[in-house]
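*Asks:* just the structure for this:
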Amino acid sequence: MQPTRTLLDKFFLFIKGLAMGAANKVPGVSGGVVAFVAGFYEEFIYSLQKINLKALKLILNGRFVSFYRYINGRFLGLLLLGMLVSYFSVSKLLDFFIAKNELYVWATFFGMILGSIYYIAKDYDHWNRKTVSFCLLGVLIGISLSFLSPAKQNDNLIFVFFCGIISVSGMTLPGLSGSFILILLGNYVLLLVDSVNALYDTLAEVFRKDFSFVKNSERIKMLKILGVFTLGSVTGLVTLSHLLSYVLKHFKYITTAIILGFIGGSLGVVWPWKKTIYKLDTQGEIMIDSAGEKIIVNYQRFIPHIKDTQTWISIGFIILGVLIVLALDWYGKKTIKNG
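*Replies:* Now for the predicted structure:
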């Protein structure tokens, strides 16, 4: 049976969806961390697990209300709505701040991940030789990802479908950034910039009753790529949720240890002090995507100067990020206490 939700709970669930959507789009940041810290990660995974053969039979039999209740539709609907709205609004605002004050944005995210590690670790009292080993394995994998070199862009539809499966990892696996994985696979710009812009332009034209896009072969190609990518994302979301549901049920403490290590290892990806490495053409000029944005391929990290004023401002934003997570923790405890 679905838990009863007040109007305020629904509003905050929508806000959490916004936060997950924004986090998923930023390379190095995982929306799954938002779910973990905000206290709805397990409900999210178990609700996704309900999208199975039984759910399909309910739809085929026309039992839509039963289907909605079975998959915890109110919870998933509000969360996914928040993510969708975020993709076309909050994430755009985030892009603006990254363009204007990239250092401070990364510092805030770095602080939020530090706070997340504290949040998960403070109540974890199952440390032993096995869990420590798995935690270190998570750290090693997280650090290794930050040193991989990106591949070249590939618009093969089978590969795009595979990218869709991989991209949802940031939603289901705390600490693993789906956007950063797409950068490593070479398809971040193609799938999260160009194809989304194609959809946005198409919807704008349809709203104006302009259907000339059907004769635009490049636009149709981008929409097809986006459709395959979306199908892969849905497939990955459902299959990964079933796998994670089983793992959480049978190996909860080991899984938590790996997640802790993985989030710790991902700190290298969101290290605030780094120089952006852009994609260059044969003349050595920075390449621009269809949206007019510079194409990022990786980052070169460095140790900041302690006497630099920006360094101390950045540290202040790191502290702010930690405080945001602690505030979420406080709100969660208050909600449980009052509930």
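*Asks:* strands of the stretch 51-200 of the chain, start to end?
*Replies:* Remark: strands of the stretch 51-200 of the chain are absent; assignment by DSSP state E, counting those that start in this stretch.
*Asks:* so where's it shaky on pLDDT?
*Replies:* Applying pLDDT under 70 to the stretch 51-200 of the chain flags residues 88, 90-92, 94-95, 149-150, 170, 175-176.
*Asks:* so what's the residue count around S133?
*Replies:* For S133, the neighbour count with other CB atoms under 10 Å is 14. (Glycine included, C-beta is placed from N, CA and C.)
*Asks:* next one: S86
*Replies:* As a measure of burial, S86 has 25 neighbours, counting by other CB under 10 Å.
*Asks:* what's the helix or strand for the closest residue to it other than its chain neighbours?
*Replies:* The shortest distance from S86 to any non-neighbouring residue, by CB to CB, 6 or more residues apart in numbering, is to G21 (2.8 Å). Element membership for G21 (DSSP states H and E) is helix 7-25.
*Asks:* show the subsequent helix or strand relative to that helix.
*Replies:* The C-terminal neighbour of helix 7-25 among helices and strands, as given by DSSP H and E, is helix 31-38.
*Asks:* and the helix or strand just after that next one, what's buried?
*Replies:* As assigned by DSSP H and E, the chain's next helix or strand after helix 31-38 is helix 41-49. Residues 41, 43-49 are the ones in helix 41-49 that count as buried (16 or more other CB atoms under 10 Å).
*Asks:* about what we covered before: and the helix holding G21, what's buried?
*Replies:* Buried residues in helix 7-25, counted by 16+ other CB under 10 Å: 12-14, 16-25.
*Asks:* which residue packs closest to G268, ignoring adjacent ones?
*Replies:* Of all residues not flanking G268 in the chain, S146 sits nearest, at 4.1 Å (CB to CB, 6+ apart).
*Asks:* what's the answer for F162, then?
*Replies:* In space, F162 is closest to G232, 6.5 Å off (CB to CB, 6+ apart).
*Asks:* contacting residues for that neighbour?
*Replies:* With contact set as CB atoms under 8 Å, 6 or more residues apart in numbering, G232 has these partners: 160-165, 167.
*Asks:* tell me how far it lies from Q153.
*Replies:* To Q153, G232 is 16 Å away according to CB to CB, to the nearest Å.
*Asks:* tell me which residues in the longest helix anywhere in the chain are buried?
*Replies:* Secondary structure assigned by DSSP state H gives helix 217-250 as the longest helix of the chain. For helix 217-250, the buried set under the neighbour-count rule, 16+ other CB under 10 Å, comprises 219, 222-223, 225-226, 228-230, 232-233, 236-238, 240-241, 244-245, 248.
*Asks:* can you pull the phi/psi pair for F147?
*Replies:* phi -110, psi 0 (degrees, to the nearest 10).
*Asks:* how many residues are close by it?
*Replies:* 10.
*Asks:* again, but for the one 10 residues further on
*Replies:* When neighbours are counted by other CB under 10 Å, L157 registers 14.
*Asks:* which residues touch the residue nearest to it when sequence neighbours are not counted?
*Replies:* Leaving aside its chain neighbours, L157 sits nearest to V228 (4.9 Å; criterion: CB to CB, 6+ apart). By CB under 8 Å, 6+ apart, the residues touching V228 are 157, 160-161, 164.
*Asks:* let's see it at 10 Å
*Replies:* With contact set as CB atoms under 10 Å, 6 or more residues apart in numbering, V228 has these partners: 155-164, 191, 195.
*Asks:* and what of V160?
*Replies:* By CB under 10 Å, 6+ apart, the residues touching V160 are 154, 185, 187, 190-191, 195, 224-232.
*Asks:* one more time with 7 Å, if that's ok
*Replies:* Shown in contact with V160 (CB atoms under 7 Å, 6 or more residues apart in numbering): 225, 228-229, 232.
*Asks:* could you export those residues as CSV, including distance to Y119 and pLDDT?
*Replies:* Formatted as CSV, these follow (distance: CB to CB, whole Å; pLDDT from 0 to 100):
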residue, distance to Y119, pLDDT
I225, 37, 93
V228, 37, 95
F229, 32, 93
G232, 31, 91
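*Asks:* turn the residues you listed into JSON lines, including distance to Y299.
*Replies:* Output for the contacts of V160, formatted as JSON lines (distance: CB to CB, whole Å):
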{"residue": "I225", "distance to Y299": "26"}
{"residue": "V228", "distance to Y299": "29"}
{"residue": "F229", "distance to Y299": "24"}
{"residue": "G232", "distance to Y299": "26"}
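*Asks:* of these, which is the nearest to I319?
*Replies:* Proximity of the contacts of V160 to I319 (CB to CB) peaks at F229, which lies at 37.4 Å.
*Asks:* not counting sequence-adjacent ones, nearest residue to the closest one?
*Replies:* Distances taken as CB to CB, 6+ apart place G164 nearest to F229, at 4.5 Å, with adjacent residues excluded.
*Asks:* ditto for E42
*Replies:* Nearest one to E42, counting by CB to CB, 6+ apart, is L248 at 6.5 Å.
*Asks:* please report how far the one you found lies from G261.
*Replies:* 16 Å.
*Asks:* and the closest residue in space to I59 that isn't next to it in sequence, what does it touch?
*Replies:* Setting aside the residues directly before and after it, I59 is nearest to F67 in space (CB to CB, 6+ apart), at 5.4 Å. Contacts for F67 were tallied using CB under 7 Å, 6+ apart; they are 55, 58-59.
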